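**Q** Sequence and computational prediction follow.
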Amino acid sequence: MALPSFSVADFRAALLRLLPTGRIWSREPGSMPYQLAGVWSPTFQRNSARAANLITDAFPSTTTELLTEWEATLGLPDPCAGESPTLVQRRAQVVARLTDSGGASVAYFTAFAAALGYSITITEYAPARAGIMRAGDAVQGEDWAYCWLVSAPGYSPVLFEAGQSCAGDALMTWTNNVLQCEFATRNPAHLILHYGQDGTNMIGDFGEDIE
């Protein structure tokens, strides 16, 4: 539901309706009461707009002016977002941290990524086993039992959004830094995370391709 929005004319009409009746209380344009109401009504209109804006700013997914307050509560900004994150990226990181209930499952990490604004899939692996492997399958060691491949676009685009972004934000940015940084802080000690654009090409811990 949209918040009510009142114009200067609305407040002038309301002020005039509050005046007493009688000859000296004329509501006609050009009269003294009409002119005084025109002086007072812009102040009421500005106060009303600021009050409505405060309701919008009270929610992290739509906040602008209070975004720094939300970030300070969550220990943000941090190196995960880089040097100049956009307003949309900052909001997404705040929402993701506020709604994060913890977990170590594929579903948890996928949902957390979605809150950050990334659409990903996660592939789990298992060590090679006689009687299960088929010709052509990779011979994977025991460590593969603890390996996940996080598949996401190599450079996930973050678009400028009218009504959401702010002046000075880039029209588009390409980065997965926030995703990888946030995952690193939540990665269980036993789990080995790799990142790639599909299920066959992975980026290792030091940037090398692992086939």
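**A** Received, thanks.
**Q** which SS class is the closest residue to Tyr108 other than its chain neighbours?
**A** Sequence neighbours aside, Gly102 is the residue nearest to Tyr108 in space, at 7.6 Å (criterion: CB to CB, 6 or more residues apart in numbering). Glycine gets a C-beta too; all of them are placed from N, C-alpha and C. State at Gly102, reduced to three classes by DSSP: H, G, I helix; E, B strand; the rest coil: coil.
**Q** And Gly102, how far from Arg90?
**A** Gly102 is 22 Å from Arg90, where distance means CB to CB, to the nearest Å.
**Q** ok, those two, which is more surrounded?
**A** In terms of neighbours (other CB atoms under 10 Å), Arg90 is the more surrounded of Gly102 and Arg90; the figures are 22 against 7.
**Q** Can you tell me the SS state at the more buried one?
**A** Per three-state DSSP, the local secondary structure of Arg90 is helix.
**Q** shouldn't it be in contact with Ala81?
**A** Yes. Arg90 is in contact with Ala81 according to CB atoms under 8 Å; the separation is 6.6 Å.
**Q** Surely Cys64 is in contact with Asp57?
**A** Residue 64: Thr, not Cys. Yes. If you go by CB under 8 Å, Thr64 and Asp57 touch, sitting 6.3 Å apart.
**Q** These two - which one has more neighbours?
**A** For Thr64 versus Asp57, neighbours defined as other CB under 10 Å are more numerous around Asp57 (17 against 14).
**Q** ok, now which residue in the protein is the farthest from the centroid?
**A** Arg23 (57.4 Å; CA atoms, centre = their mean).
**Q** Go through the longest helix along the chain and flag the buried ones.
**A** As assigned by DSSP state H, the longest helix anywhere in the chain is helix 32-57. Buried residues in helix 32-57, counting neighbours by 16 or more other CB atoms under 10 Å, are found at Pro33, Tyr34, Ala37, Gly38, Ser41, Phe44, Gln45, Ser48, Asp57.
**Q** No further queries at this time; thank you.
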